[in-house]
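Student: Sequence plus the predicted model coming up.
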Amino acid sequence: MYMKSTSQQHTLIIFPDDEKESIHDTALTSEDYSTFTTENEPSETKDEQACEKQGSVPVSSPSSTGVLSLLLVLCSSLHNIGFLISSVSLSMGTSVVERLIFIFFSELGTSNTMCGFTVAVTVIFEIPIFQLAPFMLKHFSPGTLLHIANVTYAIRVVGYTLIPQHAAWLIFLLEPLHGVTYGCAKTGQVEHVAVLASRGQEASAQGLMGLFVGLGSMIGLFVGGWTEDRFGAKFMYRLWAVVVVGGMLIFLLITTLERCIRSTIKKT
């Protein structure tokens, strides 16, 4: 009988004597085993071992490079830059309405209950807009949806300033426009970024767009609060209507300029 104990598995295997020679013939030597395992190692492990021999370590691309590449994608053309400017200006204006509007409503003589109903109306009108989002994207570009959001925002906030004292019920005629503004803006922004982002970077690109929108909201609240304290609510809302429409006009101007440049290049 021939007994062999494997060192790795600590298992006792018993073979007949006549198989002793065949076992020695087929058994792997230590060099053969090392060669076998090396050949079957993943390529990443081989690369790491090679780097260790050379005194270096594998270098992975830093996350900052990915953020920079996404930023370059969002600003890759004049059209994209204009879209970003218009989105930020709109977020500046909407943040003022979402955070400070109840102060102005109280000046018009609304109750807390009435303010609560205005929120319900704005949210209710967002639902059909998002439901119609696939239909709108088939017929309108993301830029056009952003233009619609800008126009409806300006109409809404300017309308607030025209409501006479103690006629606060007129607010409910303007609140549905919030659903159009919010729904069209979000639909257009998400679609715009989704088209630009490469595969595997969709979520990061959406997050970067959200960062710009968030910065716009922060700036809008700071400037809006200071403006309202200094010049009053009516002046402040009319000012933000001008800012938002101005951002939209910059977007349109930049897009038109880019088209003219492209047409000129094609002709030459």
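Tutor: Right, received. Where do you want to start?
Student: Going by C-alpha atoms from here, please, whenever you check contacts or count neighbours.
Tutor: Fine.
Student: Now do the SS call for the spatially closest residue to residue 107 that is not a sequence neighbour.
Tutor: For residue 107, ignoring the flanking residues on the chain, the nearest one in space by C-alpha to C-alpha, 6 or more residues apart in numbering is residue 165 at 7.9 Å. Following DSSP: H, G, I helix; E, B strand; the rest coil, we place residue 165 in the coil state.
Student: would residue 156 count as being in a strand?
Tutor: No. The assignment for residue 156 is helix, going by three-state DSSP, so no strand is present there.
Student: can you tell me which residues contact it?
Tutor: 174, 175, 177, 178 (C-alpha atoms under 8 Å, 6 or more residues apart in numbering).
Student: Tell me the predicted confidence for it.
Tutor: On the pLDDT scale, residue 156 is placed at 97.
Student: Can you give me the separation between it and residue 175?
Tutor: Distance from residue 156 to residue 175, counting by C-alpha to C-alpha, to the nearest Å: 7 Å.
Student: Also residue 157?
Tutor: 10 Å.
Student: Those two: who's more crowded?
Tutor: Per other C-alpha atoms under 10 Å, whichever of residue 157 and residue 175 has more neighbours is residue 157, with 25 against 20.
Student: Tell me how many other residues crowd residue 173.
Tutor: When neighbours are defined as other C-alpha under 10 Å, residue 173 has 11 of them.
Student: Nearest the geometric middle of the protein, what residue?
Tutor: Using C-alpha atoms, centre = their mean, the residue of the chain that lies closest to the mean C-alpha position is residue 206, 1.5 Å off.
Student: returning to what we had before: wait, doesn't the residue nearest to residue 107 sit right on residue 108?
Tutor: Yes. In terms of C-alpha atoms under 8 Å, residue 165 counts as a neighbour of residue 108; the distance is 5.2 Å.
Student: in this structure, which spans are strands?
Tutor: Taking DSSP state E to define them, one finds strands in the chain at 2-6, 11-15.
Student: coming back round to it: which residue packs closest to the residue nearest to the centre of the chain, ignoring adjacent ones?
Tutor: Residue 206 sits nearest to residue 193 (C-alpha to C-alpha, 6+ apart), 6.3 Å away.
Student: Chain neighbours aside, what residue packs nearest to residue 245?
Tutor: The shortest distance from residue 245 to any non-neighbouring residue, by C-alpha to C-alpha, 6+ apart, is to residue 150 (6.3 Å).
Student: check contacts around residue 202.
Tutor: 193, 194.
Student: Check the gap between it and residue 133 for me.
Tutor: When distance is defined by C-alpha to C-alpha, residue 202 is 19 Å away from residue 133.
Student: One more: residue 87?
Tutor: When distances are taken as C-alpha to C-alpha, residue 87 and residue 133 turn out to be 18 Å apart.
Student: quick one, what contacts residue 165?
Tutor: Per C-alpha under 8 Å, 6+ apart, neighbours of residue 165: 107, 108, 109.
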